[in-house]
Each structure stands twice: as structure tokens, then as C-alpha cells.
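[1] A structural model of the following input is requested.
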Amino acid sequence: MVFKKMLGAFGVGGPSVDTVLSNPNTRPGLMLGGQVNLTGGSHDVEIDHITVGLVTRAEIDGAEEEYDALVEFHRVQVAGGLHLREGQQLSLPLQVAMPWETPVTDLYGQHLHGMTMGLRTEVAIRGAVDKGDLDPVYVHPLPVQERILEAFGRLGFGFKGADLERGHISGLHQSLPFYQEVEYYAAPQYAHTVNEVELTFVANEHGVDVVLEFDKRGGMFTSGHDSYGRYHAAHADADRVDWAAQVDGWVREALDGYQSLHAGHGYAPPAQGYGTPGYPPPPPGYGQPGYGHAGHGHPGGHYKEEHHERHGGPGMGAVAAGVVGGAALGFAGGMVADEVFDSFGDEEGGDEEA
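    A predicted model of the protein is given here:
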């Protein structure tokens, strides 16, 4: 923050904390660096530990309705067992490895509406914990994620919004307790079949799994339903693939595959993916009827299961360099350059879900 925040839990004359990030712009898989600056108060104190945690907002299914809650999803200890003297100033380095599954909050220098992300500093003095500082973090997409998002815009999909859903996606390994949904209005060439599309990335050090969920239109004698597709994209292929053509193929395959699957036809693997250079070996069942299409509704293999309960990576490069305008990629009207932390309200000092 730009000011030192007094640690209110320790009363007047207590120490203050000011966390400064070297660069609040980052990507999944990168290190977020900075320092925690402590200033002693009017008396000596013993600090049990100082930790920082990544926090965001996620949608949670309650007993009666859905609600948003502040969720801490990654925590790192900065220091422990410190003696802070009266008036003493300490500067402690911090490094946070951004999880590969960290959701995207920004694209082309604009904030992705519906997303919030912050780094919260906690100071514990003799067992009393004070959430003393909250700093915004701006997460930009990995190169392959960026190319896929670009492709949706180039194909004419219109950005609707983004949010985080508490839960897990069936059949995929997730380390975080939520997944991000990027929602689009259907492009004109698919509008006769689809109302909306939801895009989810689940990334790791090798690439990203791409999950597409389609809200399909109903016919004269049939009701609408959801259909699904799941694909893989390698980090190494970010600049090797015609992503507009690839995404168009994914969309058409997922929509056609649902009907073919239920008509008793086999499943055709995508033109680019498992088994081609730069991709890992195919998982069990790949190429068999039903792989990548989980049907619709509950039960019966819906991809998204609600639950209540790594390091390195590509360099930042030209993060947030507006090489391609957001309006041309379907993001006009859906992205805002507002103050990200307005949506946190007064909860930064309250409880969170671990």
C-alpha cells in the first residue's frame, strides 16, 4: 500500500506494516516479489509470525441461495520469531509462487469485470493476528490462454463476464478449491444453436486443459440443454497454432459431438491435441465414444462438481501491452478500469474461508 497501516488489534502505539510489491502484475506460474516493511510502535513486541496470502472472491452454493465469499487460496510465511524494538524499522523480502491455476483478472491493460485478487499481510504478535495490509494483484493470462481468449473474440463471441465457482471439475486434477468461468454470448455463426458459452482453464506446468460449456437453444419440440467439450493446449504451441481455426473446430466438434454421441456414433479426436508434437500422451479413454463430452445435468457426468469444503513458467514479456484492442476481441463493455478493491468492501479485516 502507499501508506503504513496501523495494526489495529494491538492498540494505539502498536507497530505498523506496509507491504510493497515489486510489480503487482503477474501471471500463473511466476514469482510475485516484494517486501514487508515493519515499523515498531511505542514499545517492544514479539512477533510470532508474518504471513501473506492470496485472496479472491468466489461464488459458493449456500443452503438456500448462492453468495460470494472471500477465499484465501495460497499462503506463504515471510518470517517468524522476530523481536521488534520500539521505533525499529525492518524490511523483510517476500516471494510468492503464483499457483498455475490462479484465475486471470486482467487482459490488454483492462480489468476483467467480476474478478478481484489481492495479497493480504497478516502479523501475529503473541497469538493475536491482525490482517494489516491488502494489496491488489493483477493476474494476466499465460500466452496460450491469451491466444485462446483472442480467438474467441476474433470469432465474434461477446464477453459477458467472469466469476469463480467453488468446486471441482470432474476428471481434472485441481489444486485450488474453485475454477474460473469466462462467459461469452454466442458468435453469430453459432447463435442458431447456442445461447452462451462458458470457458474454463485448468493450467499446469505443461499446458492448459480447456473446458467449454454450451447453453444450447431448444427446438420447436425440444427443450434447451447444456453440452460440454474438453481439450488440451500445450504452452509450447502458443505461437504455433491457428487458434481461431482451432477454437472454431472445438466449438463445432463439441456441439456436433453431443448429438452424435447420443445418436450412437463414435467420437472423433480434434485435429490438434493429444498425440501431436508438444502435447502429452492421451489419457485413458481418449478417442473412445464419450470422451470429452460429459452429457448434461446431474447426475450423469456433469463436468463441474460442487464441493463445500509450483514454480517457474513463461516470462512476463509484454504483459498488458495492448497489441490488439479489447473491443476487437469481444471485450467491449465487459471490462472496466475501476478500483479493483471496491468489491472487497470492509471484509479485508474480517473472516475468510480457507
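[2] Show me the helices in the stretch 151-300 of the chain, by range?
    243-262 (DSSP state H, counting those that start in this stretch).
[3] how's this structure carved up into domains?
    Here the domain assignment for the chain is 5-140+338-348, 143-315, based on automatic domain parsing.
[4] Mean pLDDT lowest where, among those domains?
    Looking at the domains of the chain, the lowest mean pLDDT belongs to domain 143-315 (a mean of 71).
[5] packing partners for the lengthiest strand in the chain?
    Longest among the strand segments of the chain by residue count, using DSSP state E, is strand 66-84. The contact analysis (3 or more Cβ pairs under 8 Å, 6 or more residues apart in numbering; DSSP states H and E) places strand 66-84 against strand 31-39, strand 45-61, strand 89-97, strand 158-166. C-beta here means a position set from N, CA and C on the backbone, and glycine is covered the same way.
[6] in it, what counts as buried?
    70-74, 78-79, 82, 84 (16 or more other Cβ atoms under 10 Å).
[7] for stretch 246-253, same thing?
    By neighbour count on 16+ other Cβ under 10 Å, the buried set for stretch 246-253 is 246-251, 253.
[8] Glu86 touches Pro15, doesn't it?
    No: counting by Cβ atoms under 8 Å, Glu86 stays clear of Pro15, with 9.5 Å between them.
[9] From the neighbour counts alone, determine which of the two ranks first.
    Comparing Glu86 with Pro15 by other Cβ atoms under 10 Å, the one with more neighbours is Pro15, at 26 against 12.
[10] can you pull the contacts of that one?
    Pro15 is in contact with 7, 38-41, 45, 84, 123, 125, counting by Cβ atoms under 8 Å, 6 or more residues apart in numbering.
[11] Dump those into TSV; add distance to Ala203 as well.
    Shown next, in TSV, are these (distance: Cβ to Cβ, whole Å):
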residue	distance to Ala203
Leu7	36
Leu38	35
Thr39	38
Gly40	42
Gly41	43
Val45	41
Leu84	39
Val123	32
Ile125	38
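[12] Leu172: which of those is nearest?
    When the contacts of Pro15 are ranked by distance to Leu172 (Cβ to Cβ), Val123 comes first, at 36.6 Å.
[13] in its sheet, what does the helix or strand encompassing that closest one sit against?
    Per DSSP states H and E: Val123 is located in strand 117-125. Here strand 117-125 has these sheet partners by DSSP bridges: strand 45-61 (antiparallel), strand 128-136 (antiparallel).
[14] Pull that strand out as CSV, backbone CA atoms only.
    Extracted C-alpha coordinates of strand 117-125, given in CSV (Å, rounded to 0.1, in the frame of the first residue of the first chain):
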residue,chain,number,x,y,z
MET,A,117,-7.4,-10.6,-6.4
GLY,A,118,-5.2,-9.4,-3.6
LEU,A,119,-2.3,-10.2,-1.3
ARG,A,120,-3.1,-9.9,2.3
THR,A,121,-0.5,-9.5,5.0
GLU,A,122,-1.0,-10.9,8.5
VAL,A,123,1.0,-10.2,11.6
ALA,A,124,0.8,-12.3,14.7
ILE,A,125,2.0,-10.9,18.0
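[15] In the buried residues of strand 66-84, find the pair that's most separated.
    Greatest spacing in those, by Cβ to Cβ: Val71 and Leu84 (30.1 Å).
[16] which of the buried residues of stretch 246-253 lies closest to Phe152?
    Val247 (6.2 Å).
[17] Tell me how far the closest one lies from Glu150.
    For Val247, the distance to Glu150 equals 9 Å [Cβ to Cβ, to the nearest Å].
[18] so how many other residues sit close to the closest residue to Val247 other than its chain neighbours?
    Once flanking residues are discounted, Val247 sits nearest to Ala151: 4.1 Å by Cβ to Cβ, 6 or more residues apart in numbering. Look at Ala151: counted by other Cβ under 10 Å, it has 22 neighbours.
[19] do Gly207 as well
    Using other Cβ under 10 Å, Gly207 has 23 other residues around it.
[20] That one and Tyr231 touch, don't they?
    No: with contact defined as Cβ under 8 Å, Gly207 does not reach Tyr231; the gap is 10.3 Å.
[21] can I assume Leu155 is in contact with Ala186?
    No: between Leu155 and Ala186 there is no contact under Cβ under 8 Å: 10.0 Å.
[22] Understood, closing this out.
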